[in-house]
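Enquirer: Next one to model:
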Amino acid sequence: MLAFDLYRPRVRPALTVVGAPPAARFGRWTPYLRAVAAYLAVRVLGVAMLAVMAAPRDLPLLERLSAWDGWWYLQIAERNYGGVPEPLDAAGELFPAAPMGFFPLYPGAMRVLGELGLPLLAAGLVVSTGAGVVAACGLQRIGERFGGQRVGLVLVVLWAGAPMSITQSMVYTESLFVALAAWSLVGVLERRFGMAAVCTMFAGLTRSTAVVLVAVVVVAAVLAATRGRGRDRWQLLGWAAIAPLGLAGYWGFVAARTGSLTGWQDIELRGWGVRWDWGREAAEYTVRLLTREGSRFETLVLFVTVAAVILGAVMIARRMPWPLVAYGIGVAVLAIGTAGFPQMRGRFLLPAFVLLLPVAVGLAKRRPSTAVAVAAAFVLFGCWYSAYSLTAWQHGI
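Expert: So this is what the prediction gives:
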């Protein structure tokens, strides 16, 4: 009972009542407006740093913002899964099924905006930016539970400037997924399981990382159902059944198209060499960097990975709500236990935004000057790391 009560919502006084003055109603949204402003300011800094580092290398900024996976999403949005020109596998051979390795919600949203007259590249950037704004509001809401509005604001700033945060301003799915994951976790923490289930369902149509979110939401809903009665119990079980539909539905679609129950995993393996190996590659990668010479970027990836592990341990030690701990550590385990692109681990860890909560709580308790200085240093490092990955680093991110 105690474990579940840890995230029972706090009772908050109503901010808007009948006859409340406009200032009181507006004040309810002030923390979110502040969070959005801070998020956009950090993202402008990140894109500006990318532009500065790309210019001497004659790398067009828009080309960098649509590089790597961005090319696939643009092709899928324009031509659907069957029209991507000459899709290749990891060996450089023609692989028509490769586009199905990318989930449909993000390119689908791009296509909708494209049909309204917006160029697809602009559509992708609009979707990413808009989703980032929604994500910032979700992070603000979560952070407020751990010390008030200041914690939420610091959490938003840290995530907006984290290593590989540049993908939040690219034709990539990080912003959209985190927006859905954040509000899903808000739903769990506040026992609004309808919102949690629907957000999780759409997250499952965005990227495979949703498997962790699905597990958290289903377990939380089932636990709540065991304490419910009658109609409430069945309603909670219904939400638990809805949460996995997005991920299971897309995996089922790919299975039907490929004729294999593990069709999506097979595509990932042949297309990009990505597979689950229980962390063996990560261990070998760590040993290699510690015993032999490695590149600057590879060393930084190891640093970010170790930091994520430490922050996960801190969350456990501080007995933070189990849904947040399970989600953050689950995403980290998924990133570390998956082989194929060890240099991409920094990006794979970006959806584990809750791991930044201990840092946000700690900084919020410090003097404003100290908090600003530390947060600024972190953001500058993260923005440089991101820009470096798209300019000096010549491989996939």
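
Enquirer: So which bits of stretch 314-325 are buried?
Expert: 314, 315, 320, 321, 322, 323, 324, 325 (16 or more other C-beta atoms under 10 Å). No exception for glycine: its C-beta is placed from N, CA and C like everyone else's.

Enquirer: can you list these in a markdown table and add secondary structure, pLDDT and distance to residue 168?
Expert: Below are those laid out as a markdown table (DSSP: H, G, I helix; E, B strand; the rest coil; pLDDT from 0 to 100; distance: C-beta to C-beta, whole Å):
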| residue | secondary structure | pLDDT | distance to residue 168 |
| --- | --- | --- | --- |
| 314 | helix | 97 | 24 |
| 315 | helix | 96 | 23 |
| 320 | coil | 94 | 24 |
| 321 | coil | 95 | 25 |
| 322 | helix | 96 | 27 |
| 323 | helix | 97 | 23 |
| 324 | helix | 97 | 20 |
| 325 | helix | 97 | 24 |
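
Enquirer: Reformat these as JSON lines; add distance to residue 169.
Expert: Shown next, in JSON lines, are the buried residues of stretch 314-325 (distance: C-beta to C-beta, whole Å):
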{"residue": "314", "distance to residue 169": "29"}
{"residue": "315", "distance to residue 169": "27"}
{"residue": "320", "distance to residue 169": "29"}
{"residue": "321", "distance to residue 169": "30"}
{"residue": "322", "distance to residue 169": "32"}
{"residue": "323", "distance to residue 169": "28"}
{"residue": "324", "distance to residue 169": "26"}
{"residue": "325", "distance to residue 169": "29"}
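
Enquirer: Pull the most distant pair out of these.
Expert: 314 and 323 (16.7 Å; C-beta to C-beta).

Enquirer: if I look at the nearest residue to residue 305 once chain neighbours are set aside, how far off is residue 122?
Expert: Among residues not flanking residue 305 along the chain, residue 345 sits closest, at 5.4 Å (C-beta to C-beta, 6 or more residues apart in numbering). Distance of residue 345 to residue 122, given as C-beta to C-beta, to the nearest Å: 30 Å.

Enquirer: Of the two, which one has the most company?
Expert: residue 345 (22 against 14; other C-beta atoms under 10 Å).

Enquirer: Output the contacting helices and strands for the host helix or strand of that one.
Expert: Residue 345 belongs to helix 345-348 when assigned by DSSP states H and E. Applying 3 or more C-beta pairs under 8 Å, 6 or more residues apart in numbering; DSSP states H and E, one finds that helix 345-348 contacts helix 296-317, helix 322-337.

Enquirer: Low-confidence regions, the protein specifically.
Expert: Where the chain drops to pLDDT under 70, the residues are 1-26, 229-230.

Enquirer: How is the residue most central in space within it assigned, secondary-structure-wise?
Expert: Taking C-alpha atoms, centre = their mean as the criterion, residue 351 is the residue nearest the geometric centre of the chain, at 2.7 Å. With DSSP: H, G, I helix; E, B strand; the rest coil as the basis, residue 351 sits in coil.

Enquirer: Quick check: it touching residue 179?
Expert: No - the pair residue 351 / residue 179 is not scored as a contact, 10.5 Å apart, by C-beta atoms under 8 Å.

Enquirer: which residues does residue 161 contact?
Expert: Taking C-beta atoms under 8 Å, 6 or more residues apart in numbering, we find residue 161 in contact with 42, 45, 46, 375, 378, 379, 380, 382, 383.

Enquirer: now, the most widely separated pair of those?
Expert: 46 and 375 (14.0 Å).

Enquirer: neighbour-wise, which of the two wins?
Expert: Using other C-beta under 10 Å as the criterion, residue 46 and residue 375 rank with residue 46 on top: 26 against 20.

Enquirer: Helix or strand for that one, just tell me which one.
Expert: Residue 46 belongs to helix 30-54, assigned by DSSP H and E.

Enquirer: Can you list the buried residues in whatever helix or strand comes next after that helix?
Expert: Next along the chain after helix 30-54, taking DSSP H and E as the criterion, comes helix 61-65. When burial is assessed from 16+ other C-beta under 10 Å, helix 61-65 yields the following buried residues: 64, 65.
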